[in-house]
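**Student:** Fold the stuff below for me.
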Amino acid sequence: MRIFRRPIVPVALIALTLGSQAVAQPLSQDYGINFFLDVPSRNLTGLATRSDGRLVVGPYLYPLAGELTADLLWDLVELPDGGWLVATGPTGEIHELTINAETRTFTSQLWAQLDNGQVFKLAPLPDGRVVAGTSPEGKVYLLDRTGTVLVRAALPVDSVFDLLPLDDGSVLLATGNPGRIYRLDVAAWVAADTPDTEPADDALPIGFTEFGRVRDRNVRRLALATDGRILAGSAPDGMLYRFTATGGEPEVLFEDNRAEITDISVAANGDVYAAVVASGTPGTTRIIQTTNLNPDPDEDAGKEPEPVPMIISPNPPSTFSGRSSVLYLPGGDGLAETVVSRGDLAIYRLLEQTDGTLLIAGGEDGDLVGYDPRNRRSLTYGGSPSAQITDLAPLTKDGPVVALLNNPTGLALIDYQGDSPRQARTRRLDLREPGRIGAVRFNRLREVAEADLQISLRANRGSDEREGWTPWTQTVNDRGAWTAPGLLGRYAEMRIELPAAIAADGQLDNARIFHLPQNRRPVLQAFRILSPNFSLIERPQPNQPAVSTLGQVIGIPAPTANTTNNNNGNDNRTANALLASQVVPDPGMQIVTWTINDPDGDALLATFSIRRDDAATWTDLVVDSPEAWLQFDRRGFADGIYFTRLTVRETAPRIAADRFEITFEADDLVIDHTPPRITAATVEATPEGWRVQVTGEDALSILAGADFMFNNGYRLTVEQPADGIRDGQVETFAVDVPLARTGTATAVEIQLHDTTGNRAVTRVMLAR
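**Tutor:** The predicted model follows:
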């Protein structure tokens with residue numbers, strides 16, 4: 001008995017391997033965690049994420065306990081004597097606050113009641129008086145320290161959006177619909193002794209003069225540049241203007257179609273930052289439609305009224321579909337450069353902190369972000385449970401910052417010093433396949449001790465954000481690997497905790513979470529027992545250069561034509577080489593092939609065995625072969641029907657405890673060395689020639705056909721039985737031969753053969 005392979009090339013080059021990779025690759029995978037992308041704002045406490053993916057020290061955001069009866073909060077200012085005022089809407093109230101940072105509380109009392117709905121802006125004067133700008137009637141108020149209205153004037157505009165006190169005691173007013181900037185001489189206004197003035201047509205009240213005008217509908221924000229010039233931001237065309245100290249015609253520094261300049265910040269070195277908000281949905285609830293009360297006869301003729309921006313509804317949409325950016329103008333005079341860009345976020349306020357970092361407040365998810373100009377990095381801080389943070393005001397020069405919150409209204413304290421652990425929690429991480437979760441590792445810890453870093457993990461086999469999660473599992477650190485043994489799932493979340501007293505420059509680099517996908521069982525896709533009496537001369541694979549591509553190194557496979565499942569190009573070349581191999585006649589030999597698909601790309605070994613139906617013992621024809629075919633000599637086995645068995649087992653790099661071993665019951669193998677028996681053979685003379693017919697039977701195999709060979713040299717083969725279907729172990733084959741073919745022949749030899757190649761022979765004489 002011969003059982004062998006017949007390679008004609010070195011064994012290392014012959015393989016239709018059972019696994020999906022020619023070289024064993026690690027089965028475990030890892031997921032790269034970029035904290036900037038994978039940690040939402042509201043999942044941060046005392047930490048921040050940086051645009052390079054790191055986790056850094058950030059501020060705490062503590063809600064202040066207290067009651068403030070207002071639907072909308074617009075502006076928070078500090079009075080010269082240390083008190084605080086907050087401008088509200090829509091009932092025209094101004095509240096006085098007392099803020100206690102140590103106890104994180106505040107008290108509030110009504111300070112003034114104005115007769116215009118939205119109080120957008122307050123400007124305290126050095127003598128304790130306060131100027132207030134309102135909407136929708138565009139009124140300006142002067143109040144004393146007790147909240148009593150001293151004088152009031154209505155301007156020919158819809159809204160007063162911003163107030164900018166100047167060193168000479170005057171105040172600049174930014175207005176909307178139309179877009180104007182007015183200069184208010186407070187002393188002249190008070191001296192006119194007109195406590196309640198209404199404009200006549202376009203006439204301005206005494207004490208008010210036009211400083212400048214823009215073609216855009218609204219002047220939203222004002223700022224004083226370090227050189228004394230005036231910066232103005234507009235809406236809805238998103239223009240950033242610059243005026244001389246005396247006003248007049250503006251210079252355009254920046255333009256953005258259909259956007260709002262919501263705030264301007266001037267750094268001590270003269271650099272200018274401007275917040276630009278572009279809404280992705282026109283007419284959102286952040287916009288109130290108004291009409292132009294006093295259209296300009298020249299500039300506004302024929303124009304449709306446009307919306308006044310930044311009127312925030314008490315019931316905003318759940319998400320903001322636009323985009324915000326922060327522009328940087330070096331020296332206040334350079335070309336605008338975008339340094340921060342955020343989708344689905346509306347920026348309301350910019351505040352430069354003492355270390356130069358820009359604090360950025362917005363919504364509609366209570367977002368608090370930042371920008372570090374020294375490192376040119378964007379930051380995300382812990383957000384607010386309210387929808388919007390509409391204003392920021394520092395309590396002291398180097399101390400905490402108070403934030404105004406809307407929807408619901410309230411106050412919060414932004415402080416880098418806290419008394420609770422600093423925490424961060426990732427969003428749901430999709431590991432793509434269910435499996436066993438391994439260790440978490442960080443690229444590097446900077447100024448953070450491993451002993452101070454506490455990590456918890458939880459997992460979910462389903463995709464629901466809320467249900468189906470395992471309990472949080474505290475990990476164990478072993479030389480920089482934080483593990484939670486036994487955690488299974490497709491989705492994971494990670495929670496990080498650090499002490500409050502961490503170093504100010506502490507950083508956690510990007511992390512990776514390692515996992516082993518679920519081991520799926522190999523599947524038998526095809527099994528073939530070829531016709532006997534052939535052997536295979538395997539075609540060698542084409543030589544391939546041993547060069548790895550960048551995609552292979554970083555784990556991104558290059559697309560390969562005609563690939564299915566997870567087979568790679570090497571497998572296809574291997575399979576094609578085998579299918580193109582030469583099959584040659586070889587009496588007694590038998591070829592068997594199979595195709596195994598392993599969804600995980602495991603390396604596989606196969607054992608092929610046979611057992612005669614009346615025997616109890618299996619005979620292994622190949623053991624632990626990495627290939628998917630074999631050939632053997634049938635002549636060493638007795639006649640009979642043999643059961644076949646293919647056992648496939650996973651091997652390295654799959655660890656022994658996780659390896660599957662699958663046994664497939666394959667097609668029966670018929671081994672038949674006995675020729676069929678001819679039961680009848682006849683020759684009948686016909687007018688045209690001869691009709692030759694043979695009938696036979698076989699104990700094991702199907703009869704395949706008959707050869708008819710006349711002794712004059714003429715021969716023919718018939719493989720179609722007389723009943724039309726070749727399907728039995730008893731068949732009749734017949735043929736009609738004309739006299740022109742037989743000539744002088746006197747006998748015919750008949751060979752009856754079965755599907756295993758066995759032949760029975762008989763001879764019949766021709767006689768008329």
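**Student:** Give me the number of neighbouring residues for residue 269.
**Tutor:** Residue 269 sits with 11 neighbouring residues when counted by other C-beta atoms under 10 Å. In this view, the C-beta of every residue, glycine as well, is placed from N, C-alpha and C.
**Student:** That one belongs to a helix, doesn't it?
**Tutor:** No: read with DSSP: H, G, I helix; E, B strand; the rest coil, residue 269 is coil and lies in no helix.
**Student:** Break the protein down into its domains, please.
**Tutor:** Annotated domains of the chain cover 3-22+520-671, 29-40+424-517, 60-415, 677-765 [automatic domain parsing].
**Student:** wait, what's in contact with residue 100?
**Tutor:** The contact partners of residue 100, by C-beta atoms under 8 Å, 6 or more residues apart in numbering, come to residue 106.
**Student:** before we move on, what about residue 386?
**Tutor:** Taking C-beta under 8 Å, 6+ apart, one finds 366, 405, 406, 407, 408, 409, 410 in contact with residue 386.
**Student:** Starting from residue 412, give me the distance back to it.
**Tutor:** Residue 386 is 8 Å from residue 412, where distance means C-beta to C-beta, to the nearest Å.
**Student:** Now the common contact residues for these two.
**Tutor:** Between them, residue 386 and residue 412 share the contacting residues residue 405, judged by C-beta under 8 Å, 6+ apart.
**Student:** for the one helix or strand residue 536 maps to, which positions count as buried?
**Tutor:** If you go by DSSP states H and E, residue 536 is part of strand 534-537. If you call a residue buried by 16 or more other C-beta atoms under 10 Å, then strand 534-537 has these buried ones: 534, 535, 536.
**Student:** distance between stretch 436-444 and the chain's centre?
**Tutor:** Relative to the chain's own centre, stretch 436-444 is displaced by 20 Å; criterion: C-alpha atoms, centre = their mean, to the nearest Å.
**Student:** which residues sit against that stretch?
**Tutor:** 28, 431, 455, 457, 459, 475, 480-484, 487-489, 492, 494, 508-516, 518.
**Student:** these two touch, right, residue 143 and residue 128?
**Tutor:** No: counting by C-beta atoms under 8 Å, residue 143 stays clear of residue 128, with 9.8 Å between them.
**Student:** is the residue nearest to residue 250 when sequence neighbours are not counted in a bridge, and if so with what?
**Tutor:** Closest residue to residue 250 in three dimensions, ignoring its sequence neighbours and counting by C-beta to C-beta, 6 or more residues apart in numbering: residue 241, at 3.9 Å. The partner list for residue 241 in beta bridges (DSSP bridges) reads residue 232, residue 252.
**Student:** Do I have it right that residue 241 meets residue 229?
**Tutor:** No: in this structure, residue 241 is not within contact of residue 229 by C-beta under 8 Å, at 10.1 Å.
**Student:** Just the mean pLDDT for stretch 756-768, thanks.
**Tutor:** Average pLDDT, stretch 756-768: 92.
**Student:** returning to that earlier point: the strand holding residue 536 pairs with which strands, and in what direction?
**Tutor:** Using DSSP bridges, strand 534-537 pairs in its sheet with strand 582-585 (antiparallel).
**Student:** circling back to that earlier point, residue 143 and residue 128: who's more crowded?
**Tutor:** Comparing residue 143 with residue 128 by other C-beta under 10 Å, the one with more neighbours is residue 143, at 22 against 14.
**Student:** Dump the domains of the chain to CSV, plus distance to residue 46.
**Tutor:** Shown next, in CSV, are the domains of the chain (distance: least, C-beta to C-beta, whole Å):
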stretch, distance to residue 46
domain 3-22+520-671, 34
domain 29-40+424-517, 7
domain 60-415, 5
domain 677-765, 80
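**Student:** Tell me which of these sits most buried.
**Tutor:** domain 60-415 (a mean of 19; mean count of other C-beta atoms under 10 Å).
**Student:** continuing past the longest strand belonging to the chain, what's the next helix or strand?
**Tutor:** Counting residues, the longest strand found in the chain (DSSP state E) is strand 429-442. On the C-terminal side of strand 429-442, the closest following helix or strand by DSSP H and E is strand 445-446.
**Student:** strand partners of that following strand, parallel vs antiparallel please.
**Tutor:** strand 507-508 (antiparallel).
**Student:** got the angle between the helix or strand just after the strand it pairs with and strand 429-442?
**Tutor:** On the C-terminal side of strand 507-508, the closest following helix or strand by DSSP H and E is strand 511-517. Here the directions of strand 511-517 and strand 429-442 differ by 120 degrees (axes from the mean of the first three to the mean of the last three C-alpha atoms, to 10 degrees).
**Student:** in the stretch 51-200 of the chain, which spans are helices?
**Tutor:** Using DSSP state H, counting those that start in this stretch, the helices of the stretch 51-200 of the chain run over residues 186-191.
**Student:** Poorly predicted segments of it, please.
**Tutor:** Counting by pLDDT under 70, the stretch 51-200 of the chain has low-confidence residues at 193-200.
**Student:** re earlier: please save the CA atoms from the longest strand of the chain in PDB.
**Tutor:** What follows is strand 429-442, C-alpha atoms only, in PDB (Å, rounded to 0.1, in the frame of the first residue of the first chain):
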ATOM      1  CA  LEU A 429     -15.900  51.500  22.100                       C
ATOM      2  CA  ASP A 430     -16.800  49.100  19.300                       C
ATOM      3  CA  LEU A 431     -14.200  46.300  19.300                       C
ATOM      4  CA  ARG A 432     -15.900  45.000  16.100                       C
ATOM      5  CA  GLU A 433     -16.100  41.400  17.300                       C
ATOM      6  CA  PRO A 434     -17.200  39.800  20.500                       C
ATOM      7  CA  GLY A 435     -14.400  38.300  22.500                       C
ATOM      8  CA  ARG A 436     -12.200  38.400  25.600                       C
ATOM      9  CA  ILE A 437     -11.000  41.700  26.700                       C
ATOM     10  CA  GLY A 438      -7.400  41.900  27.700                       C
ATOM     11  CA  ALA A 439      -5.100  44.600  29.000                       C
ATOM     12  CA  VAL A 440      -5.200  48.400  28.700                       C
ATOM     13  CA  ARG A 441      -1.800  50.000  28.000                       C
ATOM     14  CA  PHE A 442      -0.700  53.600  27.700                       C
END
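**Student:** Now do that strand, average pLDDT.
**Tutor:** Mean pLDDT, strand 429-442: 95.
**Student:** just for the stretch 551-700 of the chain, where's the confidence low?
**Tutor:** The stretch 551-700 of the chain contains residues with pLDDT under 70 at 551-578.
**Student:** how about the nearest residue to the residue most central in space within the chain, chain neighbours excluded?
**Tutor:** In the chain, the centroid-proximal residue (C-alpha atoms, centre = their mean) is residue 430; its distance is 8.6 Å. Of all residues not flanking residue 430 in the chain, residue 491 sits nearest, at 5.9 Å (C-beta to C-beta, 6+ apart).
**Student:** The one helix or strand the one you found maps to: partners in the sheet, and parallel or antiparallel?
**Tutor:** Assessed by DSSP H and E, residue 491 sits inside strand 488-498. Paired neighbours of strand 488-498 in the sheet (DSSP bridges): strand 422-425 (antiparallel), strand 429-442 (antiparallel), strand 454-460 (antiparallel).
**Student:** and the ones you listed as a markdown table, adding distance to residue 754?
**Tutor:** Formatted as a markdown table, those follow (distance: least, C-beta to C-beta, whole Å):
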| stretch | distance to residue 754 |
| --- | --- |
| strand 422-425 | 73 |
| strand 429-442 | 50 |
| strand 454-460 | 61 |
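**Student:** Mind checking the ones you listed for the one nearest to residue 530?
**Tutor:** Among the strands paired with strand 488-498, the nearest to residue 530 by C-beta to C-beta is strand 429-442 (37.0 Å).
**Student:** how far does that closest one sit from the chain's center?
**Tutor:** 15 Å.
**Student:** cool, stretch 427-445 as well?
**Tutor:** The chain centroid and the centroid of stretch 427-445 are separated by 15 Å, computed with C-alpha atoms, centre = their mean.
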